[in-house]
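Engineer: Sharing a sequence plus its predicted fold:
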Amino acid sequence: HLFYGIDTSSNNDMSLPLELIPGHIRSHKLSISLNDKEGCEMCIHAIQAKLSLDLRCLKGIEYVKLTGPGEDVAHETKIFVGSMDNPEAECQHSSLHLLFSDNAEESVLSYASIPTSGSFRPASSLMSTFGGLPIDGEWTLSIALSKPIHPEKEYHDHASYLLNWELEVDVKPCVARAKWEKLQPKMSSSSPASIFLPRRLHTTVAVDDSIFVAGGFAERRLSDLWRFDYDSNTWTELNNHAATTSRVGSKTWPMNGQAASLGPSGLLAFGGIAKYGHLEQGHDLWHLDFFGNEDWVPVPIPQNASAHDGGSFIHGIPYRRYLSTIGFLNNFDTIYKSHGVVDGKRGQPMALVFGGDGGHLHNTYADSYGFVPNSFFNDVWLLSPGGISVSIQRRQEGYCDWRFLESSTAFQSWNNTCGWDANSMDGLPGECSLERILMTAWCKKQYQSLWMS
């Protein structure tokens, strides 16, 4: 598609040729509307710009700037920037016909004054600025002409003009882009006087279209439990015992700050920091089978006495850390084969662990935010299968299907506790626990990674 700046069909007040005035920035606008027949928004796949000028003095151009459409953010780039290395150079009247393309072999930055003809890479990439953006809207070409040092010599007998400019673009239907939207949640009628405190390092679990938030830290350690419902944009404080925000299974989880992943085989947690006594980081791996022994079981990992890199692992095991991340991988045969997993262990989970905080190390000092920069890890670890029971996965339907029957006691219990709705139920909610929330997410196969506060 080729769009001409000389087109004044958009009621452009400044027609071409446009006189360029020394000491001023002169701009010309071009309006583009290019939706396809079905009204689909079109985005830029390739772009180049052409311009024709009649200049009294080549060295008078300070810059040429192209600005694209944008409601909130201005997308603009300078396609030419002049040099002031030789301000006393003689002026030269010339006609210019230039093409600016990211694919050109020669860069326009190699010229002190704007060249007169040819194809050049712009001073700043066009695609880096405009690639993937919608084409529709108002485009502006701006040219800054410097004030002459000797006006009686440089501009006495000839004016300068922008004669024409063009945009040549290839477009494709726009791909949906991520967009943040700040919500303004309200409190449910059951907890109008409650306050959802700002917090960090909390545990968050998604179930259907709701997010459960447990504990965390504000000015103190928190032990509350909340549910945010997207459909109603509402926070509801749930009834929980103070210990339930740090309890899953018959015992509280082994460490604080564990990276955890809820997957087909249950809940897998790694690392963390000791809850009591000496605050030492952990590097142990723990597994919880919701319907097995209902307790955390350490996963045995053999040590390799010769493996040590002096930085992120020792004996073939990652260094102690907390606030890292862990996630299950899909059990694809290609992954098993590439890592030599034998047939008997296929079907057991594989997981990736990334990064974390190793805490204060020797000969280091905290920065102004209280962190020790070189205590952070950027390593990636693959956990090969073995030592984790997968019996829970084979019996998932038997464990779960009946729980979602409206006539079942489990369904009614969920609605009376964690799924309690003040608008449709009388009285106060029953006690909800993080274990029940995680079990429900597992039964719905809503697998996710989380952080155990």
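Structural biologist: Yep, it's here. Numbers count the residues shown, from 1 in each chain.

Engineer: where do the helices sit along this protein?
Structural biologist: Assigned by DSSP state H, the chain shows helices spanning 126-130, 151-154, 333-338, 391-394, 396-400, 409-416, 434-443.

Engineer: any idea which of those scores lowest on pLDDT?
Structural biologist: Lowest mean pLDDT of these: helix 151-154, a mean of 53.

Engineer: Leaving out sequence neighbours, find the closest residue to Phe328.
Structural biologist: Nearest residue to Phe328 in three dimensions, chain neighbours excluded: Gly263, at 3.6 Å (Cβ to Cβ, 6 or more residues apart in numbering). Bear in mind the C-beta positions are built from the backbone N, C-alpha and C, glycine included.

Engineer: I'd say the one you found and Tyr447 touch.
Structural biologist: Yes - using Cβ atoms under 8 Å, Gly263 is in contact with Tyr447, at 5.0 Å.

Engineer: Between the two, which contacts overlap?
Structural biologist: Residues touching both Gly263 and Tyr447 (Cβ atoms under 8 Å, 6 or more residues apart in numbering): Phe328.

Engineer: Please identify which of the two sits among more neighbours.
Structural biologist: Neighbour comparison, Gly263 and Tyr447: the larger count goes to Gly263, with 23 against 14 (by other Cβ atoms under 10 Å).

Engineer: what's the spacing between that one and Leu434?
Structural biologist: Relative to Leu434, Gly263 is positioned 17 Å away (Cβ to Cβ, to the nearest Å).

Engineer: what does Arg403 give?
Structural biologist: Distance, Arg403 to Leu434, using Cβ to Cβ: 17 Å.

Engineer: and if you look at Gly82?
Structural biologist: Gly82 sits 64 Å away from Leu434 when distances are taken as Cβ to Cβ.

Engineer: Between the two, which is the more surrounded one?
Structural biologist: Neighbour comparison, Gly82 and Leu434: the larger count goes to Leu434, with 25 against 20 (by other Cβ under 10 Å).

Engineer: Can you give me the distance of the closest residue to Leu285 other than its chain neighbours to Gly263?
Structural biologist: With sequence-adjacent residues excluded and distances taken as Cβ to Cβ, 6+ apart, Leu285 is closest to Val299, at 4.1 Å. Using Cβ to Cβ, we find Val299 at a distance of 13 Å from Gly263.

Engineer: From what I see, Gly68 and His75 are in contact.
Structural biologist: Yes - counting by Cβ under 8 Å, His75 is a contact partner of Gly68 at 4.3 Å.

Engineer: In terms of neighbours, single out the busier of these two.
Structural biologist: Taking neighbours as other Cβ under 10 Å, Gly68 and His75 compare with Gly68 leading, 22 against 14.

Engineer: Next one: that one from Ile32, what distance?
Structural biologist: Counting by Cβ to Cβ, the gap from Gly68 to Ile32 is 10 Å.

Engineer: about what we covered before: can you report how many residues neighbour the residue nearest to Leu285?
Structural biologist: Residues lying near Val299 (other Cβ under 10 Å) number 16.

Engineer: and if you look at Asp231?
Structural biologist: Asp231: 8 surrounding residues under other Cβ under 10 Å.

Engineer: dump the residue contacts of it.
Structural biologist: Taking Cβ under 8 Å, 6+ apart as the contact definition, Asp231 lies against Asp209.

Engineer: tell me the pLDDT at it?
Structural biologist: 91.

Engineer: got it, and the one 3 residues further on?
Structural biologist: Confidence per residue is given as pLDDT, and for Thr234 that number is 92.

Engineer: do the same with Tyr155
Structural biologist: Here the pLDDT value assigned to Tyr155 is 49.

Engineer: With Gln258 instead?
Structural biologist: Gln258 is assigned 85 on the pLDDT scale.

Engineer: Please apply the same query to the one 4 residues further on.
Structural biologist: Reading off the confidence values, Leu262 has pLDDT 90.

Engineer: Find the residue ranges of the stretch 51-200 of the chain scoring beneath the pLDDT cut-off.
Structural biologist: 72, 84-90, 149-157, 177-178, 191-193 (pLDDT under 70).

Engineer: same thing but 80
Structural biologist: The stretch 51-200 of the chain contains residues with pLDDT under 80 at 58-59, 71-74, 83-92, 148-158, 175-179, 189-194.

Engineer: And for the stretch 201-350 of the chain?
Structural biologist: Looking at the stretch 201-350 of the chain by pLDDT under 80, you get 241-256, 273-284, 289-319, 322, 328-350.

Engineer: just the strands in the stretch 101-250 of the chain please.
Structural biologist: For the stretch 101-250 of the chain, the strands defined by DSSP state E, counting those that start in this stretch cover 117-120, 137-145, 160-173, 186-187, 203-207, 210-217, 221-229, 234-237.

Engineer: Can you lay out the ones you listed as JSON lines showing distance to Leu126?
Structural biologist: Converted to JSON lines, the strands of the stretch 101-250 of the chain look like this (distance: least, Cβ to Cβ, whole Å):
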{"stretch": "strand 117-120", "distance to Leu126": "11"}
{"stretch": "strand 137-145", "distance to Leu126": "12"}
{"stretch": "strand 160-173", "distance to Leu126": "10"}
{"stretch": "strand 186-187", "distance to Leu126": "45"}
{"stretch": "strand 203-207", "distance to Leu126": "41"}
{"stretch": "strand 210-217", "distance to Leu126": "41"}
{"stretch": "strand 221-229", "distance to Leu126": "43"}
{"stretch": "strand 234-237", "distance to Leu126": "46"}
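
Engineer: May I see the buried residues of stretch 435-452?
Structural biologist: 435-443, 448-452 (16 or more other Cβ atoms under 10 Å).

Engineer: These: which two are farthest apart?
Structural biologist: Among these, the pair separated by the greatest distance (Cβ to Cβ) is Cys443 and Trp451, at 21.6 Å.

Engineer: returning to that earlier point: please report how far the residue nearest to Leu285 lies from Met127.
Structural biologist: Look at Val299 and Met127: by Cβ to Cβ, they are 48 Å apart.

Engineer: Then Leu98?
Structural biologist: Here Leu98 is placed at a distance of 18 Å from Met127 (Cβ to Cβ).

Engineer: Which residue of the two possesses the greater neighbour count?
Structural biologist: Set side by side, Leu98 and Met127 show more neighbours around Leu98, with 22 against 17, by other Cβ under 10 Å.

Engineer: In the sheet, which residues pair with the more buried one? Tell me.
Structural biologist: Taking DSSP bridges, one obtains Leu51, Gly118 as the residues bridged to Leu98.

Engineer: Sweet, I'm off.
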